[in-house]
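Participant: Have a look; sequence and predicted model below, questions after that.
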There are 4 protein chains.
Amino acid sequence: MTDADVKARGKREETKASNRQAIIDAARRVFAELGYGATTVRDIIRATDLASGTFYNYFKSKEEVYQALQDETALRVRPRLRAERIRARTFEAFISGSFHTFFDFVRHDEDTFATMRQKQDNFHVRIDTPEVLAGFDELRVDLEAAIQSGVMPDTDPDLLMASMVGVAFEIAGQLVQRKDLSVDDAAAFATALFLGGVQALPRRRR
Amino acid sequence: MTDADVKARGKREETKASNRQAIIDAARRVFAELGYGATTVRDIIRATDLASGTFYNYFKSKEEVYQALQDETALRVRPRLRAERIRARTFEAFISGSFHTFFDFVRHDEDTFATMRQKQDNFHVRIDTPEVLAGFDELRVDLEAAIQSGVMPDTDPDLLMASMVGVAFEIAGQLVQRKDLSVDDAAAFATALFLGGVQALPRRRR
Amino acid sequence: MTDADVKARGKREETKASNRQAIIDAARRVFAELGYGATTVRDIIRATDLASGTFYNYFKSKEEVYQALQDETALRVRPRLRAERIRARTFEAFISGSFHTFFDFVRHDEDTFATMRQKQDNFHVRIDTPEVLAGFDELRVDLEAAIQSGVMPDTDPDLLMASMVGVAFEIAGQLVQRKDLSVDDAAAFATALFLGGVQALPRRRR
Amino acid sequence: MTDADVKARGKREETKASNRQAIIDAARRVFAELGYGATTVRDIIRATDLASGTFYNYFKSKEEVYQALQDETALRVRPRLRAERIRARTFEAFISGSFHTFFDFVRHDEDTFATMRQKQDNFHVRIDTPEVLAGFDELRVDLEAAIQSGVMPDTDPDLLMASMVGVAFEIAGQLVQRKDLSVDDAAAFATALFLGGVQALPRRRR
DNA sequence: CATGAATGAGAGTTCATTCAT
DNA sequence: GATGAATGAACTCTCATTCAT
């Protein structure tokens, strides 16, 4: 029995049909290192103990693994953000909680965040999958509810959502680059910006 | 003399030594249509009257054309932004002018902007080239100068720059999607957010 | 117990040990639809309730299933042709009976015939398996016997057999294409051709 | 300069853009040896001095080379058959000339004929490309003209064409297998069959 | 400098077949 | 004997890049 046999047998017993997870994990590592565009299906397979054909038992393309990867991430982050916003009794708690939770995730799961915001060929690339976009939409809905309930002024929720998203991702980028920047400071900055800014925002014409 | 010869000659006389420009123009069209990731050097050449070998007299790769393309764009946009900020006597003029100029560009040059923010494989992708990043840096420098001169409070210029960039691009995305959103309204929203927000921002610890 | 289990069990009880037949039947359908060349073992398995590994308990390759399929067909057709020829008291009965029986089979079992004569990649393909070739040989033997018994002139039995086979398959093709062509007319045509022609055929040099 | 270089240079000067022919020739050899179904594009390339990519500069698939191959053959054979039939003043000349020409081609160009009628996996396979089918059609048209001009009886031209084709190919098969069978004897047999048979054929109902 | 056919590495994918359960 | 996931050789095809003309 060769080395490979031993490894294969161990692997099979250990992971059963959940090679799926092995592929996703390998994909996360490879995407983070090479960037989405430069990554090939073969790269992902190579980062795995599996044979090339096995990949296609689980996914049709690198797009599909990427989706699965992001879905997994979204499943971890979105509920936390959601809970934070629902728990919020004030607008300040709403904003502060959102940014804090997001920046916390970015700091502690930088590998996954790297997959969203990549530096490749000297380019910065940001990729939003449907799951991520759905997360944005969720924020917009909550903002609308907040407007309804009167805890925040009646301003354009699409633009406000877009602004929060833009600030969140751009500052997250800083968080990854600047080790001296703390999650708390980043969250404090973004929170102050929106708390102060929202008061000044143009009211909607009804 | 074949058809192709005739076409080639016409093109050659017309554009003289500026095949470089022909390639860049073709690239802009192709990137906008196919997206950066999906575009191949072949695609760019095909959108040209030139032969494949000719490409390599001017560029080493699609990355390089992309850079050139963005440089060109930056050369058109950055000076305008710069001028706006330098002319500004007040903080309001600084912010308002910046957003207005940028959104104006986005609305009127959507093809180029599409090259920065693409929908491919159902994903939204944003790409920042070095030139674009340099534009961000320029903004940061101007913010620092504004802080020095006292027209704006002493807050973290990196985070402020990041926030402005995030808001600018995210709202620009809305501008492209929502035809009912005017450049003025978009600029008014972003301006109000920052004018109001900046007052509330944490002061730097010196 | 999963859905698949239920289906599998039903099938199992129904067909008992004759998975072999299930595979052959699936193969007949798939070959008729996709053509021999384009069909894969996977395709055949998929058209079955069985698992891929099970295939190999019964057949080694698609060639082998194809053989089994043709054997089955030959077992149905050859005895009929044989009986017809043996019963024949005259040369006319010999020829007429042969063509009539064959064309009758073609008209009423077009699915199986389609497996012999396929249109794939815009090409017409005809495949003769060993069983079919054995049928040709049987005809040759009978022709030789007929020559011996004096009911037909002494001509080259190989060439005569080849001619009959060629005419039979080519007209069978017309039969499948032209719905207005009746089995009787087709048989009458072929019979007349050979009855008239054989008289004129060169006698063998002994 | 390596051996390969020398060969490549010689090749290039010698064949210019007509690698096309080199591919077709290689294809003829490979198809004859492996059979159409079993042949892969790679097999064809391997039988060539060319690189894999070069194949795709000339053909899109093995289907396309096969077509080109058959077209080439048809271009050689069809005009000869046509000329023979047009020159024919009697029905005997028409039939005799056709078979003689065809069998002559088969005997002297067995490699090409092998490509139409192959023995693979113990199967006999016959492939008719559109070009070949067009040749059949041409025969049918000429038969119709012969009927019009009264040199032959008014019978179903489709069935007669089919019969001639069937006999021609089936006897051609014998010709390749049996070295003792001469082109003349084969042609004499087929001619006699049709000359004698046609007189007996059922007349068309008008 | 322009041309465009040739190149060949390598990506994506399929599929016959094995084998632990 | 049935199962079906794993395997990996092998195939199709693309594409950046070179280089003789």
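Facilitator: Yep, that arrived.

Participant: Every contact and neighbour count from this point should use C-alpha atoms.
Facilitator: Will do.

Participant: Check which element follows the helix or strand bottoming out on mean pLDDT in chain A along the chain.
Facilitator: When the helices and strands of chain A are compared on mean pLDDT, DSSP states H and E, helix A:3-15 comes out lowest with a mean of 49. On the C-terminal side of helix A:3-15, the nearest following helix or strand under DSSP states H and E is helix A:19-34.

Participant: check whether that following helix contacts DNA strand F.
Facilitator: Yes: contact of helix A:19-34 with DNA strand F (CA under 7 Å from any atom of the strand) involves residue A:19.

Participant: Give me the contacts around that helix.
Facilitator: The contact list for helix A:19-34, computed with CA atoms under 8 Å, 6 or more residues apart in numbering or on different chains, reads A:39, A:43-45, A:47-48, A:55, A:58, A:65-66, A:68-69, A:111-112, A:114-115, A:118, A:120.

Participant: Check the burial of the closest residue to chain C within chain A by counting its neighbours.
Facilitator: In chain A, the residue found nearest to chain C is residue A:57; the distance is 14.3 Å by CA to the nearest CA. With neighbours defined by other CA atoms under 10 Å in any protein chain shown, the count for residue A:57 comes to 10.

Participant: List the buried residues in the helix ranked longest in chain A.
Facilitator: Criterion DSSP state H: the longest helix present in chain A is helix A:62-87. Of the residues in helix A:62-87, those scored as buried under the neighbour-count criterion (16 or more other CA atoms under 10 Å in any protein chain shown) are A:62-63, A:65-71, A:73-74, A:77-78, A:80-82, A:84-85.

Participant: now for that helix, which elements pack on it?
Facilitator: Packing partners of helix A:62-87 (3 or more CA pairs under 8 Å, 6 or more residues apart in numbering or on different chains; DSSP states H and E): helix A:19-34, helix A:91-108, helix A:130-148.

Participant: Turn the ones you listed into JSON lines, columns for mean neighbour count and mean pLDDT.
Facilitator: Rendered in JSON lines, the data for the helices and strands packed on helix A:62-87 read as follows (neighbours: other CA atoms under 10 Å in any protein chain shown; pLDDT from 0 to 100):
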{"stretch": "helix A:19-34", "mean neighbour count": "20", "mean pLDDT": "91"}
{"stretch": "helix A:91-108", "mean neighbour count": "20", "mean pLDDT": "94"}
{"stretch": "helix A:130-148", "mean neighbour count": "18", "mean pLDDT": "90"}
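
Participant: Walk me through the domains of chain A.
Facilitator: Structural domains annotated on chain A: A:10-63, A:69-200, as defined by automatic domain parsing.

Participant: Shouldn't residue A:125 be within a strand?
Facilitator: Yes: counting by DSSP: H, G, I helix; E, B strand; the rest coil, residue A:125 is part of a strand.

Participant: for chain B, what are the nearby residues on chain A?
Facilitator: Of all the residues in chain A, those in contact range of chain B (CA under 8 Å from any CA of the partner chain) are A:37, A:63, A:121-130, A:159, A:162-171, A:174, A:186, A:188-189, A:192-202.

Participant: Mind checking which of those residues land in helices?
Facilitator: Using DSSP H, the members of the residues of chain A next to chain B that fall within helices are A:63, A:130, A:159, A:162-171, A:174, A:186, A:188-189, A:192-200.

Participant: For ChimeraX, write a command that selects the buried ones of those residues.
Facilitator: Isolation of the buried members of these (16+ other CA under 10 Å) is achieved in ChimeraX through the command below:
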select /A:63,159,162,163,164,165,166,167,168,169,170,171,174,186,188,189,192,193,194,195,196,197,198,199,200
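
Participant: Contact partners for the nearest residue to residue A:139 once chain neighbours are set aside?
Facilitator: Leaving aside its chain neighbours, residue A:139 sits nearest to residue A:161 (6.6 Å; criterion: CA to CA, 6 or more residues apart in numbering or on different chains). Applying CA under 8 Å, 6+ apart, one finds that residue A:161 lies in contact with A:136, A:139-140, A:143.

Participant: What pLDDT does the model give residue A:161?
Facilitator: According to the prediction, residue A:161 has pLDDT 96.

Participant: and the gap between it and residue A:135?
Facilitator: Relative to residue A:135, residue A:161 is positioned 11 Å away (CA to CA, to the nearest Å).

Participant: ok, now residue A:21?
Facilitator: The spacing between residue A:21 and residue A:135, counted by CA to CA, is 23 Å.

Participant: same deal with residue A:20?
Facilitator: Here the criterion is CA to CA. By it, residue A:20 lies 24 Å from residue A:135.

Participant: Look up the closest residue to residue A:147, ignoring the ones flanking it.
Facilitator: Nearest residue to residue A:147 in three dimensions, chain neighbours excluded: residue A:154, at 5.6 Å (CA to CA, 6+ apart).

Participant: Give me the pLDDT for the one you found.
Facilitator: Reported pLDDT for residue A:154: 91.

Participant: right, and it touches residue A:199 too?
Facilitator: No: assessed by CA atoms under 8 Å, residue A:154 is found out of contact with residue A:199, at 9.8 Å.

Participant: Please confirm that residue A:180 is located within a helix.
Facilitator: No: assessed with three-state DSSP, residue A:180 is coil; it does not lie in a helix.
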